[in-house]
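Asks: let me see the structure of the following:
(chains A, B, C and D)
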2 protein chains.
Amino acid sequence: MSQATPPRSRRVPRAERREEILAAAARVFGSKGYRAGSLAEVAEQVGITHAGVLHHFGSKDRLLWEVLEYRDRVDVEHLEGQHIPGGLELFRHLVTTARRNADRRGIVQAYTVLTGEAVTDGHPAADRARTRFGVLREDIASALRTVADERGVDLAEQDAVRAASAVIGVMDGLQTQWLLDPEVVDLAESTAFAIEAILRAVLPGVEPLPDSPGASGAP
Amino acid sequence: MSQATPPRSRRVPRAERREEILAAAARVFGSKGYRAGSLAEVAEQVGITHAGVLHHFGSKDRLLWEVLEYRDRVDVEHLEGQHIPGGLELFRHLVTTARRNADRRGIVQAYTVLTGEAVTDGHPAADRARTRFGVLREDIASALRTVADERGVDLAEQDAVRAASAVIGVMDGLQTQWLLDPEVVDLAESTAFAIEAILRAVLPGVEPLPDSPGASGAP
DNA sequence: CCATACTTACTTACTTGTTAGTAAGTGGAT
DNA sequence: ATCCACTTACTAACAAGTAAGTAAGTATGG
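Replies: Numbers count the residues shown, from 1 in each chain, chains lettered A, B, ... in the order given. Reported below is the predicted structural model:
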């Protein structure tokens, strides 16, 4: 038998190869976690050796770091230049995201696994997770304040932050349950239900949230 | 500080030693995760070698399994024979638990880390996590049905399960945020807020939830 | 009440496997 | 002629699990 490696197009230009590696690493770290996922497995998926991966990224920690940057970049690209919405629109966007996520198990798993791991002692992604949550909370709290303002509702600062934390929390927590038992937990519906419940607690009489535009049939 | 492993009393009887090991393993797996935590570290905390740990538990997988059993056992013991409450009392209990958890970072971290890891491919605790969530959901859904019944409120089966999932989800998700940023996220208050919001969504006009008896001022 | 037989709780030493990381070289494309 | 993407070949650390031995304890028979 000639070679174990089928005629892999060798000599891929740097930028392209890096993208390949990042995509593979996102898959591996996403399904096994950072500590349990190995450079060798990432390398194999790209058709090179683990030393090849290190040639491009220097260390495993740095690879993780760049995977997270990459994922953020891809996520934002998907919004096609349209800025993250504010006001009620943000909550519609969150529900739509949950609906889309129900068809992207891999991404959800990656996010859940990595976030869970980030709370272990000395994890390299802890800082990132912390600031990410912080920014998200602020975005959501601010959207709540906007809506409350528009409607002349009095919204205590404490309640804005608590509601924001709760919205993020319930989205994450439902993802975990859904990953373990997708037949029983309906990610999209449960998330919509919970977000509406929390919204109504701070913004009495808010109307139901239809999905964001464009997300009806197949993605 | 702690110990430099003083002349460890050797020859500890089986039952006692097993408890020591289980406690140590709960700490190690809780802070580092199962895959990243090593038998050697568990052993060291007890003052024996990793082979000694294997003498008692056979394999790392079995040790994890027994740690989980142990934790459930201890958690239930704490309830001192009093059965898990139903009806509205259950939700008061959940809020009280969140309040107590804010003083038990280690336990919360263990739970969060292990649950996050459990959604990785082929994790030995996946089944356990799945059934645990299933039982919890059923308990909470059933409590909701009880209260709805008492008050003559119509509660769709779907909504009962969605609300139950949401309650569990928000508790877990808030724990993660709190672990990363305890100064910003108030575990007890955010949890209480979210649970009340979800309750009001299915049981209109439910009154606020005071804590379970005994927990009023500073714990 | 003591010796012998056995069990238990380990240790030491090892095997086997896996990991991240390094150093030096190779071969293809410009 | 050189750059550079990569491989081969290695190291050092660490992992779980195994095997064999040893000391401490328990039961038994005389």
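Asks: domains in chain A, as residue ranges please.
Replies: With domains defined by automatic domain parsing, chain A comprises A:14-67, A:84-202.
Asks: save those as TSV, and put in mean pLDDT, mean neighbour count and distance to DNA strand C too.
Replies: C-beta here means a position set from N, CA and C on the backbone, and glycine is covered the same way. Listed next are these as TSV, based on pLDDT from 0 to 100; neighbours: other Cβ atoms under 10 Å in any protein chain shown; distance: least, Cβ to the nearest atom of the strand, whole Å:
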stretch	mean pLDDT	mean neighbour count	distance to DNA strand C
domain A:14-67	94	18	3
domain A:84-202	95	20	10
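Asks: helices of chain A, start to end?
Replies: A:14-32, A:39-46, A:50-57, A:60-78, A:87-101, A:105-118, A:126-150, A:157-180, A:187-202 (DSSP state H).
Asks: closest to B:Thr97 out of those?
Replies: helix A:157-180 (15.0 Å; Cβ to Cβ).
Asks: how about that closest one, does it reach chain B?
Replies: Yes - using Cβ under 8 Å from any Cβ of the partner chain, helix A:157-180 reaches chain B at A:158-159, A:161-163, A:165-166, A:168-174, A:176-177, A:179-180.
Asks: out of the helices of chain A, nearest to B:Arg17?
Replies: Checking these against B:Arg17 by Cβ to Cβ gives helix A:105-118 as the closest, at 30.6 Å.
Asks: return the angle between stretch directions for the closest one and helix B:157-180.
Replies: Taking axes from the mean of the first three to the mean of the last three Cα atoms, to 10 degrees, one finds that helix A:105-118 is oriented at 40 degrees with respect to helix B:157-180.
Asks: can you pull the contacts of A:Glu196?
Replies: A:206, A:208-209, B:201 (Cβ atoms under 8 Å, 6 or more residues apart in numbering or on different chains).
Asks: make TSV from the domains of chain A and add distance to B:Phe57 to it.
Replies: Output for those, formatted as TSV (distance: least, Cβ to Cβ, whole Å):
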stretch	distance to B:Phe57
domain A:14-67	21
domain A:84-202	22
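Asks: so which of the ones you listed is nearest B:Gly58?
Replies: Among these, if distance is taken as Cβ to Cβ, the winner is domain A:14-67, at 21.7 Å.
Asks: pull the distance from that closest one to the chain's centre.
Replies: Mean-position distance between domain A:14-67 and its chain equals 19 Å (Cα atoms, centre = their mean, to the nearest Å).
Asks: distance between the ends of that domain?
Replies: 16 Å (Cα to Cα, to the nearest Å).
Asks: likewise for stretch A:31-39?
Replies: Stretch A:31-39 has an end-to-end distance of 14 Å (Cα to Cα).
Asks: that one vs DNA strand D: in contact?
Replies: No - applying Cβ under 7 Å from any atom of the strand, one finds stretch A:31-39 out of contact with DNA strand D, separated by at least 10.5 Å.
Asks: what about that stretch, near chain B?
Replies: Yes - Stretch A:31-39 reaches chain B (Cβ under 8 Å from any Cβ) through A:31-33, A:35-36.
Asks: nearest to DNA strand D, of the residues you listed?
Replies: Checking the residues of stretch A:31-39 next to chain B against DNA strand D by Cβ to the nearest atom of the strand gives A:Arg35 as the nearest, at 10.5 Å.
Asks: hmm, back to that, return the closest of the residues of stretch A:31-39 next to chain B with respect to B:Val46.
Replies: Among the residues of stretch A:31-39 next to chain B, and counting by Cβ to Cβ, the member closest to B:Val46 is A:Arg35, at 23.4 Å.
Asks: show me what contacts the residue sitting nearest the centre point of chain A?
Replies: Of all residues in chain A, the one closest to the mean position by Cα atoms, centre = their mean is A:Tyr111, 5.1 Å from it. For A:Tyr111, the contact set (Cβ under 8 Å, 6+ apart) comprises A:30, A:175.
Asks: and it, how far from B:Ala143?
Replies: 30 Å (Cβ to Cβ, to the nearest Å).
Asks: before we move on, what about A:Gln175?
Replies: Going from A:Gln175 to B:Ala143 by Cβ to Cβ gives 24 Å.
Asks: ok, A:Ala166 touching B:Met171?
Replies: No - using Cβ atoms under 8 Å, A:Ala166 makes no contact with B:Met171, being 10.0 Å away.
Asks: so what sits against both of these two?
Replies: Counting by Cβ under 8 Å, 6+ apart, the residues touching both A:Ala166 and B:Met171 are B:Ala194.
Asks: apart from its neighbours in sequence, what residue is nearest the residue in chain A that chain B sits nearest to?
Replies: For chain A and chain B, the shortest gap (Cβ to the nearest Cβ) falls at A:Gly116, measuring 1.5 Å. Nearest non-adjacent residue to A:Gly116, counting by Cβ to Cβ, 6 or more residues apart in numbering or on different chains: B:Gly116, 1.5 Å away.
Asks: what sits against the one you found?
Replies: A:112-113, A:115-117, A:119, A:176.
Asks: got it, and A:His50?
Replies: Contacts of A:His50 by Cβ under 8 Å, 6+ apart are A:38-40, A:42-43.
Asks: and the gap between it and A:Ser59?
Replies: Taking Cβ to Cβ, one finds A:His50 at 12 Å from A:Ser59.
Asks: and for A:Ala129?
Replies: Relative to A:Ser59, and taking Cβ to Cβ, A:Ala129 is found at 19 Å.
Asks: swap in A:Val206?
Replies: On the measure of Cβ to Cβ, A:Val206 and A:Ser59 end up 48 Å apart.
Asks: do the same with A:Ala15
Replies: Relative to A:Ser59, and taking Cβ to Cβ, A:Ala15 is found at 20 Å.
Asks: nearest residue to the residue of chain A found nearest DNA strand D in space, please, no chain neighbours.
Replies: With Cβ to the nearest atom of the strand as the measure, A:Gly52 is the residue of chain A nearest to DNA strand D, at 2.9 Å. Nearest residue to A:Gly52, sequence neighbours excluded (Cβ to Cβ, 6+ apart): A:Ala43, at 5.9 Å.
Asks: output stretch A:184-204 as CSV - backbone C-alpha positions only.
Replies: Extracted in CSV, the C-alpha atoms of stretch A:184-204 (Å, rounded to 0.1, in the frame of the first residue of the first chain):
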residue,chain,number,x,y,z
VAL,A,184,-37.3,15.9,25.5
VAL,A,185,-36.1,19.5,25.5
ASP,A,186,-37.2,21.7,22.7
LEU,A,187,-34.5,24.3,22.6
ALA,A,188,-36.2,26.9,20.5
GLU,A,189,-39.6,26.8,22.3
SER,A,190,-38.2,26.6,25.8
THR,A,191,-35.9,29.5,25.1
ALA,A,192,-38.6,31.6,23.7
PHE,A,193,-40.9,30.8,26.6
ALA,A,194,-38.3,31.7,29.2
ILE,A,195,-37.2,34.9,27.5
GLU,A,196,-40.7,36.1,27.2
ALA,A,197,-41.3,35.2,30.9
ILE,A,198,-38.3,37.2,32.0
LEU,A,199,-39.2,40.1,29.7
ARG,A,200,-42.7,40.3,31.1
ALA,A,201,-41.4,40.4,34.6
VAL,A,202,-39.6,43.7,34.0
LEU,A,203,-41.7,45.1,31.1
PRO,A,204,-45.3,44.4,32.0
